[in-house]
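Engineer: Sequence below, structure please.
(2 chains)
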Amino acid sequence: MSEPATPAGTPTGPREAGLSVACEGLSFWYDEGATRVQALRGVELAFAPGTSVALLGPTGSGKSTLLQLLRGLLRPDRGRVLLDGLAAGQEGYDERERRIGLVFQMPEMQLFAATCRDDVAFGPRQLGWSPAAVDEAVEGALAAVGLPADRFAARHPYSLSGGEQRRLALAGVLAMRPGTLFLDEPFVSLDPASRRDLEAILRELRGGGLGLVLATHDVDRAYALCESRVVLDAGVVVDAGPWRFGAGGEDLLLAHRLRPPFVVELWRRLGRRAAEAPPELAAAAEALAP
Amino acid sequence: MSLIDVAGLRFRYAGAADEALRGVELAVDQGEFVAVVGANGSGKSTLARLLGGLAWPGEAERAIVCGHDLLSAEGHLAVRRDVGVLFQNPDNQLVGATVEEDLAFGLENIALPSAEIARRVEEVLDRFGLRALRDREPHLLSGGQRQRTALAGVLAVPRRVLVLDEPTAMLDPAGRDEVLAAVRDEAERGLTIVLVTQEMDEVLLADRVVALAAGRAVFDGPPRRLVADRGLLGSLSLGLPPAAEIGLALLERRRVGRLPLTLDDLVIALQAGRA
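Structural biologist: From the prediction side, this is the model:
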């Protein structure tokens, strides 16, 4: 299969075209002792290949559960997941499921190997790749997260800073060459500089064509990184689509324990059109003082 | 009179090559609200644990908290009664089957008479807006409600100092506002507060901010002075709150006269500039 060259900084090697992820009537219950608590209620969503989507909602709204269902770590009680239009059990489904890279909350808690190289190599080795392919994937992934192999591959993961550890955990997922990346609260507990670094890496990955689904409370970063958003509350999709600021999008977020992004609020307060608030602070400053 | 008076405080985790704290200095007066900031791994959480008597200091020139000497076995235990610690994840701190039971738990542990326990539970139910939730199961509450319950549980026991370790990190924006409002109320009631945080807009709520880097205090002063020091912020892996980040660009272009720190500041400065 011939491939366009991937931009510098993205995981190297052939990455197949993006992956479409959808679900129909997805419902899920957790067992809480004797009672069953419904976490998701008939969720219908479709993420086109290569798109970046923010999954927003209050704590306990079902964001993490939804990511795990879409990735096949949980089985739906009702409904189904469709990957490139295929349902579980159909030929090609499992291979597509593996191409969803899921980065858990606080993923650095799961670092376990004695070197960064071995930690990142774990996934590719599990997939049975040749040693040369594993090496290439590891080096590409380390480069993509700003931990170049020549300086970091031999280091112990615990000798890295907190922000570097999180990026290393991300490299472990990128090494398996996902077609789309799910991130569960990736900015929580990072210091401001580490958040900026991670945001820049995600922007670069998105620019390289990787699909992003970003479950987060950080509305500012969600707006800066994602072209559309899904609002989930109490297991129900309340709205999905473009941000719609200036057309009810602010109230929708406020009604679900979220808030509008800082720049949107600033634009509104200045009497400017909220829909035109630039997603990034630097662009906002530029617009205010050209 | 300092409630917290610590100098030369050192700590090393078992098996760790480097010390987490390498001679920290910290003095906090009665009624002060102090924010503690620093990069991941700078020692903030370790300091919070030590102040609450939850870890044993390696060594110190001086480590007095609420009159207890943390270096002595008795002081190290006694300080736990006077200093309440609230962590990031309320689920690690909630133990009761209902909100009310959870609030009584700490009071039962210090063996108060049951009438006194009931009185204190009623008091914190009101103070933290939890009365309507008293019979609810904590794990079914919103994140903000869970963290407020955990905070009320910590403060049901009379405390002289409240230490908070990134208490809003896991909360949605509304939950974050709820918890910060509760913390501000406690500050206004005169409780001494040490708030460990990564959020620069939370730093602005404090009277004073202490910045840690590699286990040492490298800044101690008003929040506005820290935010104005770009070089220091960068070296500490910190950043500006969004209003100040935009404000800085405007300041450089002489569109505003002084660095705005909050949304209100920024809007006022821009409107004044236009007038």
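
Engineer: So the residue nearest the centre of chain B versus A:Asp220, what's the distance?
Structural biologist: Centroid-nearest residue in chain B: B:Leu195, 1.8 Å away (criterion: CA atoms, centre = their mean). According to CB to CB, to the nearest Å, B:Leu195 stands 21 Å off from A:Asp220. Quick note: C-beta positions are derived from backbone N, CA and C, even for glycine.

Engineer: Which parts of the stretch 51-200 of chain A are strands?
Structural biologist: For the stretch 51-200 of chain A, the strands defined by DSSP state E, counting those that start in this stretch cover A:52-56, A:78-83, A:86-87, A:100-103, A:180-184.

Engineer: Out of these, which is the most enclosed?
Structural biologist: Ranked by mean neighbour count, the strands of the stretch 51-200 of chain A are led by strand A:52-56 with a mean of 26 (mean count of other CB atoms under 10 Å in any protein chain shown).

Engineer: Name every strand pairing with it and say which way it goes.
Structural biologist: strand A:211-215 (parallel), strand A:228-233 (parallel) (DSSP bridges).

Engineer: Turn those into JSON lines, including mean pLDDT and mean neighbour count.
Structural biologist: JSON lines is the format used below for the strands paired with strand A:52-56 (pLDDT from 0 to 100; neighbours: other CB atoms under 10 Å in any protein chain shown):
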{"stretch": "strand A:211-215", "mean pLDDT": "97", "mean neighbour count": "25"}
{"stretch": "strand A:228-233", "mean pLDDT": "97", "mean neighbour count": "21"}
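
Engineer: quick one, which of these is nearest to A:Glu32?
Structural biologist: strand A:228-233 (19.3 Å; CB to CB).

Engineer: Specify the next element, helix or strand, located C-terminal of that closest one.
Structural biologist: strand A:236-241 (DSSP states H and E).

Engineer: how about low-confidence regions in the stretch 51-200 of chain A?
Structural biologist: Judged against pLDDT under 70, the stretch 51-200 of chain A has no low-scoring part.

Engineer: residues from it in reach of chain B?
Structural biologist: A:57-60, A:161-163, A:185, A:188-196 (CB under 8 Å from any CB of the partner chain).

Engineer: now, which of those lie within helices?
Structural biologist: Judged by DSSP state H, those include A:162-163, A:192-196 as members of helices.

Engineer: Looking at the residues you listed, state which has the most neighbours.
Structural biologist: Tallying neighbours with other CB atoms under 10 Å in any protein chain shown puts A:Gly163 at the head of these, with 24 neighbours.

Engineer: how near is that one to A:Arg195?
Structural biologist: 8 Å.

Engineer: Then B:Leu251?
Structural biologist: According to CB to CB, B:Leu251 stands 23 Å off from A:Arg195.

Engineer: Quick check: chain neighbours aside, which residue is closest to residue 129?
Structural biologist: Looking at chain A here, since you left the chain open. A:Ala137 (6.9 Å; CB to CB, 6 or more residues apart in numbering or on different chains).

Engineer: um, chain B though
Structural biologist: According to CB to CB, 6+ apart, the nearest residue to B:Gly129 is B:Arg148 (7.1 Å).

Engineer: ditto for B:Val157
Structural biologist: B:Gly106 (4.8 Å).

Engineer: Just give the number of residues close to the one you found.
Structural biologist: Counted with other CB under 10 Å, B:Gly106 comes out at 20.

Engineer: And it, how close does it get to B:Leu155?
Structural biologist: 9 Å.

Engineer: same check, this time on A:Gly57
Structural biologist: From A:Gly57 to B:Leu155 the distance is 29 Å (CB to CB).

Engineer: So which of the two has more stuff around it?
Structural biologist: Neighbours per residue (other CB under 10 Å) separate A:Gly57 from B:Leu155, with A:Gly57 holding more: 27 against 23.

Engineer: what separates the closest residue to that one other than its chain neighbours from chain B, distance-wise?
Structural biologist: Distances taken as CB to CB, 6+ apart place A:Leu232 nearest to A:Gly57, at 3.8 Å, with adjacent residues excluded. According to CB to the nearest CB, to the nearest Å, A:Leu232 and chain B sit 11 Å apart.

Engineer: Return the residues in contact with A:Leu232.
Structural biologist: A:43, A:55-57, A:61-63, A:66, A:238 (CB atoms under 8 Å, 6 or more residues apart in numbering or on different chains).

Engineer: just to revisit the earlier point, any chance of the backbone angles for the residue nearest to B:Val157?
Structural biologist: Note on B:Gly106: backbone dihedrals following degrees, to the nearest 10 are phi -60, psi -30.

Engineer: Could you pull up the contacting residues of it?
Structural biologist: Counting by CB under 8 Å, 6+ apart, B:Gly106 makes contact with B:153-154, B:156-157.

Engineer: Most neighbours out of these, which is it?
Structural biologist: Ranking the contacts of B:Gly106 using other CB under 10 Å puts B:Gly153 first, with 28 neighbours.

Engineer: Got phi/psi on that residue?
Structural biologist: phi -60, psi -40.

Engineer: Could you pull out the helices in the chain for me?
Structural biologist: As the question left the chain open, I've gone with chain A. Under the criterion DSSP H, helices of chain A are mapped to A:63-70, A:93-98, A:116-126, A:131-144, A:149-152, A:162-174, A:192-207, A:219-225, A:249-255, A:262-269, A:281-288.

Engineer: switch to chain B, that's the one I care about
Structural biologist: Going by DSSP H, chain B shows helices at B:44-51, B:73-82, B:99-109, B:114-127, B:143-156, B:173-188, B:200-203, B:223-228, B:230-235, B:242-252, B:263-274.

Engineer: need those helices in TSV with mean pLDDT, can you?
Structural biologist: Formatted as TSV, the entries for the helices of chain B read as follows, by pLDDT from 0 to 100:
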stretch	mean pLDDT
helix B:44-51	96
helix B:73-82	94
helix B:99-109	95
helix B:114-127	96
helix B:143-156	94
helix B:173-188	95
helix B:200-203	94
helix B:223-228	92
helix B:230-235	91
helix B:242-252	93
helix B:263-274	89
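
Engineer: how far does stretch B:216-235 sit from the chain's center?
Structural biologist: Relative to the centre of its chain, stretch B:216-235 is centred 18 Å away, using CA atoms, centre = their mean, to the nearest Å.

Engineer: in that stretch, what's buried?
Structural biologist: By neighbour count on 16 or more other CB atoms under 10 Å in any protein chain shown, the buried set for stretch B:216-235 is B:216-217, B:219, B:223, B:226-229, B:232-233.

Engineer: tell me the two of the residues you listed that are most distant?
Structural biologist: Distance extremes for the buried residues of stretch B:216-235: the farthest pair is B:Arg216 and B:Ala228 at 21.5 Å, using CB to CB.

Engineer: Now for B:Ile110, how many residues are close by?
Structural biologist: B:Ile110 is flanked by 11 other residues according to other CB under 10 Å.

Engineer: Same question for the one 4 residues further on.
Structural biologist: A total of 10 residues lie near B:Ser114 under the criterion other CB under 10 Å.

Engineer: Roughly how far does it sit from B:Ser2?
Structural biologist: Distance of B:Ser114 to B:Ser2, given as CB to CB: 36 Å.

Engineer: quick revisit: wait, which of the buried residues of stretch B:216-235 is closest to chain A?
Structural biologist: Closest to chain A out of these is B:Leu233 (8.4 Å), distances taken as CB to the nearest CB.

Engineer: Now that the closest one has come up, it's in contact with B:Leu240, right?
Structural biologist: Yes: under the criterion of CB atoms under 8 Å, B:Leu233 makes contact with B:Leu240 at 6.9 Å.

Engineer: which residues do the two both contact?
Structural biologist: B:Val227.

Engineer: how about the residues of the stretch 1-150 of chain B that lie near chain A?
Structural biologist: Checking the stretch 1-150 of chain B against chain A by CB under 8 Å from any CB, the hits are B:38-41, B:88, B:139-140, B:142-144.

Engineer: Of these, which is the nearest to B:Arg208?
Structural biologist: Nearest to B:Arg208, judged by CB to CB, of these is B:Gly38 at 14.7 Å.
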